[in-house]
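[1] Generate coordinates for the sequence data below:
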Amino acid sequence: MKILISDYADSMMPSHELESQTLMAGLGDNTEIEVFPYTDETRNEFYERLATADALLTAFVKIDANALDHAPNLKVVSINATGYDNVDLEAATKRGVGVCPVGEYCTWDVSESAIAYMSALNKHFKFYIQQIDEEHRWDYAAAPEYPRLEDQTLGIVGFGKIGKCTARKAKGLVKSIIANDPFIDKKLFGENGVTEASVDELLESSDIIVNHMNLNDTNYHYFSAEKFAKMKKKPIFINLGRGLSVNEEDLIAALDTGQLRAFGADVLYDETPDLEHNPLIGRDNVIITPHAAFYSSSSMRDLQVLSCQNIVHFLNGEKEKVFKLVNEI
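    Numbers count the residues shown, from 1 in each chain. Predicted coordinates:
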């Protein structure tokens, strides 16, 4: 049995000891584990290693029909992330390859980051830090006046596990919470103390908007000029979903024209952004982190163990124990 662990170097674990321990404990000491740091330039070399793999552990390597055609032995792709838009589900299903993202490992961490972004942007932390560090300026009134959080409405787009956790944390911080998610049971809004709102109502009424949506065919570039134009309160906008949910050109225009008063993001268009030339960088009302909202010692352990246990259960024929299997195999 061969397990291939492959991803962009910056997205891989600093050590694969825990992953190896978990895999061998479930599959046996004779399990072959190969680690291959991936680059787009070494895709053919990746194909060579994938050709003999029974399972692939990755987060961001694109697994399309062509990649699957190079993997005759592949049985399962375990995604050590919650999103799985990098995998062609139709092609994987057609070839009998299971796809298993980690459904739960960082809900608390990402929702905690949502609250941190809200507070930091509303209190001008980056602005003041730059003023003090770069200009040695001590002037609270240099920043624009924003209302306190308790006078503002929070809008949450995407009300899955993370959205609900953010809502629970935000209670007592904001005046009210509204949310939109067409894919969940409507009773979940009321059960979590949140008012359901249409997309237009949320855009028009929110002082702060947090995106917690997974990326799918319905929300690519979901936040575009049309959506920004409907944000009447010129809100703080925070993207903790996927970078491709936001049209970055339209976002930059919205910041330049004041349609948005501030922006926070843990994700950009890709995982290897050109930060030197990105027009979002260097703004005192923009905070960007390097896809780190999930990051804690607790979440890192859960991420490694759960993603490897998914492989173990799938290869051992225990599909019912796989934490999250997103295609029918």
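[2] hey, let's count contacts and neighbours off CA atoms from now on
    OK.
[3] Can you tell me how far residue 198 is from residue 72?
    Plainly put, residue 198 is 46 Å away from residue 72 if you go by C-alpha to C-alpha, to the nearest Å.
[4] Please disregard the earlier target; I meant residue 86.
    19 Å.
[5] What residues sit buried inside the longest helix seen in the chain?
    Identified as the longest helix of the chain according to DSSP state H is helix 297-315. Burial within helix 297-315, assessed by neighbour count using 16 or more other C-alpha atoms under 10 Å, is assigned to 299, 302-315.
[6] Next: stretch 175-182.
    Within stretch 175-182, the residues that qualify as buried by neighbour count (16+ other C-alpha under 10 Å) are 176-181.
[7] And the residue nearest the centre of this protein?
    The centroid of the chain falls nearest to residue 241 when counting by C-alpha atoms, centre = their mean (4.5 Å).
[8] Not counting residues beside it along the chain, what's closest to that residue?
    Spatial nearest neighbour of residue 241, chain neighbours left out: residue 212 (4.7 Å); criterion: C-alpha to C-alpha, 6 or more residues apart in numbering.
[9] wait, that neighbour sits on residue 159?
    Yes. Using C-alpha atoms under 8 Å, residue 212 is in contact with residue 159, at 7.1 Å.
[10] Now the terminal residues of stretch 272-286, how far apart.
    End to end - C-alpha to C-alpha - stretch 272-286 spans 19 Å.
[11] chain center to that stretch: distance?
    19 Å (C-alpha atoms, centre = their mean, to the nearest Å).
[12] Could you do stretch 30-44 as well?
    23 Å.
[13] Same question for stretch 26-40.
    Worked out by C-alpha atoms, centre = their mean, stretch 26-40 lies 25 Å from the chain centre.
[14] Near the residue nearest to residue 241, how many other residues are there?
    26 (other C-alpha atoms under 10 Å).
[15] Going by residue numbers, what spans are helices in the protein?
    Going by DSSP H, the chain shows helices at 17-27, 43-50, 65-69, 89-94, 107-122, 125-135, 161-170, 187-191, 199-205, 225-229, 248-257, 297-315.
[16] What are the buried residues along the fifth one?
    Within helix 107-122, the residues that qualify as buried are 107-115, 117-118, 120-122, counting by 16+ other C-alpha under 10 Å.
[17] now that helix and helix 297-315, what's the angle there?
    Here helix 107-122 points in a direction 140 degrees away from that of helix 297-315 (axes from the mean of the first three to the mean of the last three C-alpha atoms, to 10 degrees).
[18] Can you tell me which helices and strands helix 107-122 packs against?
    Judged by 3 or more C-alpha pairs under 8 Å, 6 or more residues apart in numbering; DSSP states H and E, helix 107-122 is in contact with helix 161-170, strand 236-239, strand 262-265, strand 286-288.
[19] What strands flank the shortest one, and is each parallel or antiparallel?
    Looking back up the chat, that one is strand 286-288. strand 262-265 (parallel) (DSSP bridges).
[20] Quick check: closest non-adjacent residue to residue 269.
    Sequence neighbours aside, residue 243 is the residue nearest to residue 269 in space, at 4.5 Å (criterion: C-alpha to C-alpha, 6+ apart).
[21] per-residue confidence at the residue nearest to residue 241?
    Note on residue 212: pLDDT of 97.
[22] quick one: it and residue 242, what's the gap?
    As judged by C-alpha to C-alpha, residue 212 and residue 242 stand 8 Å apart.
[23] And residue 300, by the same measure?
    Counting by C-alpha to C-alpha, the separation of residue 300 from residue 242 is 20 Å.
[24] Show me this protein divided up by domain.
    2-105+296-321, 107-288 (automatic domain parsing).
[25] Using JSON lines, please lay out the ones you listed together with distance to residue 329.
    Converted to JSON lines, those look like this (distance: least, C-alpha to C-alpha, whole Å):
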{"stretch": "domain 2-105+296-321", "distance to residue 329": "6"}
{"stretch": "domain 107-288", "distance to residue 329": "20"}
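[26] Could you check how far the residue nearest to residue 241 is from residue 11?
    Relative to residue 11, and taking C-alpha to C-alpha, residue 212 is found at 21 Å.
[27] quick one, what contacts the residue nearest to the centre of the chain?
    Remark: with contacts taken as C-alpha atoms under 8 Å, 6 or more residues apart in numbering, residue 241 is in contact with 211-215, 267.
[28] Strands - which of those land there?
    residue 211 (DSSP state E).
[29] possible to save the contacts of residue 241 as CSV with distance to residue 17?
    Output for these, formatted as CSV (distance: C-alpha to C-alpha, whole Å):
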residue, distance to residue 17
211, 34
212, 32
213, 32
214, 30
215, 31
267, 28
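[30] between the contacts of residue 241, which is nearest residue 26?
    residue 214 (30.2 Å; C-alpha to C-alpha).
[31] I'd like the distance between that closest one and residue 101.
    12 Å.
[32] Between these two, tell me which one has more neighbours.
    Between residue 214 and residue 101, residue 101 has the larger neighbour count (other C-alpha under 10 Å), namely 24 against 17.
[33] Give me the nearest residue to that one, chain neighbours excluded.
    Residue 101 sits nearest to residue 79 (C-alpha to C-alpha, 6+ apart), 4.3 Å away.
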